[in-house]
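S.K.: my questions concern the predicted model and sequence given below.
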Amino acid sequence: MLAALAGTVTFVGKIAGKPVVVVSHGSRRTTYEPVLAVVTKGRMVDRGQQIGTLTTFQGHCLPRVCLHWGLIEGEQTYLDPMTLLGCGRRPVRLLPVNGLYSPAGSAHWPTACGERRRPVGWMVADPVNSSGS
């Protein structure tokens, strides 16, 4: 796992039993889970520097591995981390949406910038695109 931006590692540990790395970039911070850290708290990192390894964790992604990547402004303003990839602004999806997980749902997930595809094996309710198209 590579740091999305240069910054300072401000948290390495577990949250709700999941390994998490947090990198602060001034008033914003990026969060990465489940990631086993190869950095320590207080270390400065460059954009693209390895901060850890994506790992499996009991949850909705099994048997695959998935990254929960966050971008937070200030204390609690959640932003779309895809904007760091030049993808523009889109609605932020926090899981679970309406508390529902559905293997037969109609959610679509973005791949690179804006292309949407249906995930294989599981999906979540998606208020932005509930038409299934």
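M.R.: Right, received. Where do you want to start? Residues are numbered from 1 along each chain as shown.
S.K.: where does the protein have low pLDDT?
M.R.: Residues of the chain meeting the criterion pLDDT under 70: 88-133.
S.K.: domain assignment for it?
M.R.: Split into domains by automatic domain parsing, the chain comes to 7-90, 93-133.
S.K.: list the residues that contact Cys66.
M.R.: His60 (CB atoms under 8 Å, 6 or more residues apart in numbering). Bear in mind the C-beta positions are built from the backbone N, C-alpha and C, glycine included.
S.K.: and it, how far from Pro34?
M.R.: From Cys66 over to Pro34 the distance is 9 Å, taken as CB to CB, to the nearest Å.
S.K.: now Arg28
M.R.: In terms of CB to CB, Arg28 sits 21 Å off from Pro34.
S.K.: neighbour-wise, which of those two wins?
M.R.: Pro34 (25 against 17; other CB atoms under 10 Å).
S.K.: and for that one, nearest residue in space, chain neighbours not counted?
M.R.: Phe57 (4.1 Å; CB to CB, 6 or more residues apart in numbering).
S.K.: please apply the same query to Gly70.
M.R.: Gly70 sits nearest to Thr31 (CB to CB, 6+ apart), 3.9 Å away.
S.K.: that neighbour touches Trp69, doesn't it?
M.R.: Yes. Thr31 is within contact range of Trp69, at 7.1 Å (criterion: CB atoms under 8 Å).
S.K.: anything in contact with each of the two?
M.R.: Contacts common to Thr31 and Trp69, judged by CB under 8 Å, 6+ apart, are absent.
S.K.: what's around Asp46, how many residues?
M.R.: Neighbours of Asp46 (other CB under 10 Å): 10.
S.K.: do I have it right that it meets Gly7?
M.R.: No. Assessed by CB under 8 Å, Asp46 is found out of contact with Gly7, at 9.0 Å.
S.K.: what sits against the residue nearest to Pro34?
M.R.: So Phe57 contacts Gly17, Lys18, Pro19, Glu33, Pro34 (CB under 8 Å, 6+ apart).
S.K.: in those, which residue is surrounded by the most others?
M.R.: Pro34 (25 neighbours).
S.K.: how near is that one to Lys41?
M.R.: Distance from Pro34 to Lys41, by CB to CB: 17 Å.
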